[in-house]
Each structure stands twice: as structure tokens, then as C-alpha cells.
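J.: Here is a sequence with its predicted model. Questions after.
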Protein chains: 2
Amino acid sequence: MEALAEYFKVFSEPNRLAVLEALRGGPLNVTAVVEATGLSQALVSKHLKLLTIAGVVQRRPEGSLVFYEVIDKAVFKLLGQTEKLLLATRRHQLDALAAIL
Amino acid sequence: MEALAEYFKVFSEPNRLAVLEALRGGPLNVTAVVEATGLSQALVSKHLKLLTIAGVVQRRPEGSLVFYEVIDKAVFKLLGQTEKLLLATRRHQLDALAAIL
DNA sequence: GCACAGCATAACGTCATCGTGATACACGGT
DNA sequence: ACCGTGTATCACGATGACGTTATGCTGTGC
């Protein structure tokens, strides 16, 4: 339960999700992620480190560049399913609201 | 993306997950959740409020008691799948470690 | 109408996380 | 060996979340 909450925390940050999303198409180096997301370099570096430690992403130095890659693309499936549940939840809320009004 | 991160944040707290877990079997009133989790009453109340606002849980006063119930049990599916992915991730990490040693 | 149980909220201290700006480090090219 | 690009890290301030203790509120039974 502890560990599960920690894992969820990894995905509970908009900028971190943006970084992940940038990596959906395949490996990118840090600067490319910076350009794709519009975030500061320091911030991207931090988030990538976190994602690496979390085991979501893999670090691969290549010459003077450092490429990052999503290890298990199933994370994107998780993101998708979570979004789906989120939408269903919003529907329920609207239904509940409609039942009152 | 914003909203998705917020939604993930709902599940990124051990005690909140414990509260959810307590509700897996069906509706419970606050005191019952307190007993099931061992958390303080005030804390349980807060987490339940959060879960309610998030649309995960539904509040239903019944006499002097207040029952809470998980609206869409699909959340438990989400928890399960996330845990599965977490385990797979751990496996990858161990594999990577083994490849080095 | 009172007392009590159940639940919610307020106020507070504490701690973690986020983002930034500045700086250090690593590598390749010249 | 030096410079520039790319990346990581540090130090800092700000913000927000969590948990506790204490107090309020609501409904029930006497």
C-alpha cells in the first residue's frame, strides 16, 4: 500500500506527465524533452531523474547526449485507463448533480 | 493533463488508499472506517471528504450515521492494474541490476 | 430539553515537493 | 588544453499536503 501510493505519486505531477508524454514517441535526449515540453532544463532533468529512479524510464548516455526512454510502454496504457476512469467519474458527478436539480 | 495529475494525486496517499481499501467490501460509516484502518477520526473524515470531492466515493447520511460508498468499483481495477505495473517495473529494475552484476 | 455519539471543521505545526537561478560536471570538437 | 554544448546538481524560497488536538455541529434517545 505504501509502495503503491508512492508509485501513484510519480504520475501525480502535470509536468512529469508532460515529460512522459514527450517520450511517448520514443527515446529523446534531455534538450529534446525541454523543447517538447517548454519546461526549464533543470526541471526536466529533475523529473527525468525521478522517473528513472521510479523505474519508469531508462537513462542511456550516447556521446555527449543523454537519451531517456520509457521502459515499459504499459505505463501509457495505465495513463489511458486512468483518464477513462476519470471521465466516467466526471459523468457520475454530473448525473448526481442532475438528480438534484 | 492537469486534471489527470490531480486524479492520480487522489491515490498517492497511503492512508487514503487504506480508507478506500476499507470500502472495498461495501458501504461503511465513518466510525467503521476508523476502526478498519486504525486512523484518527478527524483524518478519516478528511480523506473521505477528499474522496467525495474527487467523485470516487459517495456520501449517504442514514439516521445519525454517515455511510460512504465507492461509486464506481472500477477504481479497484485501476488499483490492481497499477500494482501489477509496479511489480513489472520492479522486475525490470532487478533485471537491469542483474545485467550489471 | 439534555446528554451523548457520530461526524465535520478550525487552527496549528511539520514536512515534502516544486520550480528557479546559479553553478558544477562531462564530453566532443578544434 | 580550451571552449561550448548538454546535462546534473545545489541552495533557496514558496507553496501545499498531512496529521493532531481541540472544538463545533447534528441527530437520536431519554
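T.: Okay, I see it.
J.: can we go C-alpha only for contacts and neighbour counts from here?
T.: Will do.
J.: Flag every residue of chain A that's near DNA strand C.
T.: Counting by Cα under 7 Å from any atom of the strand, the positions of chain A adjacent to DNA strand C are A:10, A:12, A:13, A:14, A:15, A:39, A:40, A:42, A:43, A:63, A:64.
J.: show me where chain A has helices.
T.: Chain-ordered helices for chain A, with DSSP state H as the definition, fall at A:2-10, A:14-22, A:30-37, A:41-53, A:74-100.
J.: ok and the last one relative to helix B:74-100, angle-wise?
T.: Yep, that's helix A:74-100 we're talking about. Orientation check (axes from the mean of the first three to the mean of the last three Cα atoms, to 10 degrees): helix A:74-100 against helix B:74-100 gives 170 degrees.
J.: From what I see, residue A:19 and residue A:44 are in contact.
T.: Yes - when contacts are counted by Cα atoms under 8 Å, residue A:19 is listed as touching residue A:44 (7.2 Å).
J.: Name the residues contacting each of these two.
T.: Where contact means Cα atoms under 8 Å, 6 or more residues apart in numbering or on different chains, the residues bridging residue A:19 and residue A:44 through contact with each are residue A:33.
J.: gap between the residue nearest the centre of chain A and residue B:67?
T.: With distances taken as Cα atoms, centre = their mean, residue A:17 lies nearest the centre of chain A, 2.9 Å away. Counting by Cα to Cα, to the nearest Å, the gap between residue A:17 and residue B:67 amounts to 35 Å.
J.: And the lowest-mean-pLDDT helix or strand in chain A, what's buried?
T.: Ranked by mean pLDDT, DSSP states H and E, the helix or strand of chain A with the weakest confidence is helix A:74-100, at a mean of 90. In terms of neighbour count (16 or more other Cα atoms under 10 Å in any protein chain shown), helix A:74-100 has its buried residues at A:75, A:79, A:82, A:83, A:85, A:86, A:89, A:92, A:93.
J.: Stretch A:60-69 now?
T.: For stretch A:60-69, a neighbour-count test (16+ other Cα under 10 Å) marks A:67, A:68, A:69 as buried.
J.: and stretch A:42-60 with DNA strand D, contact?
T.: Yes - contact between stretch A:42-60 and DNA strand D is present through A:42, A:43, A:45, A:46, A:48, A:49, A:59 (criterion: Cα under 7 Å from any atom of the strand).
J.: residues in contact with the last one?
T.: Contacts for residue A:59 (Cα under 8 Å, 6+ apart) come out as A:52, A:66, A:67, A:68, A:69.
J.: Is the fourth one in contact with residue A:27, as I believe?
T.: Yes - with the criterion set as Cα under 8 Å, residue A:68 and residue A:27 qualify as a contacting pair; they are 5.4 Å apart.
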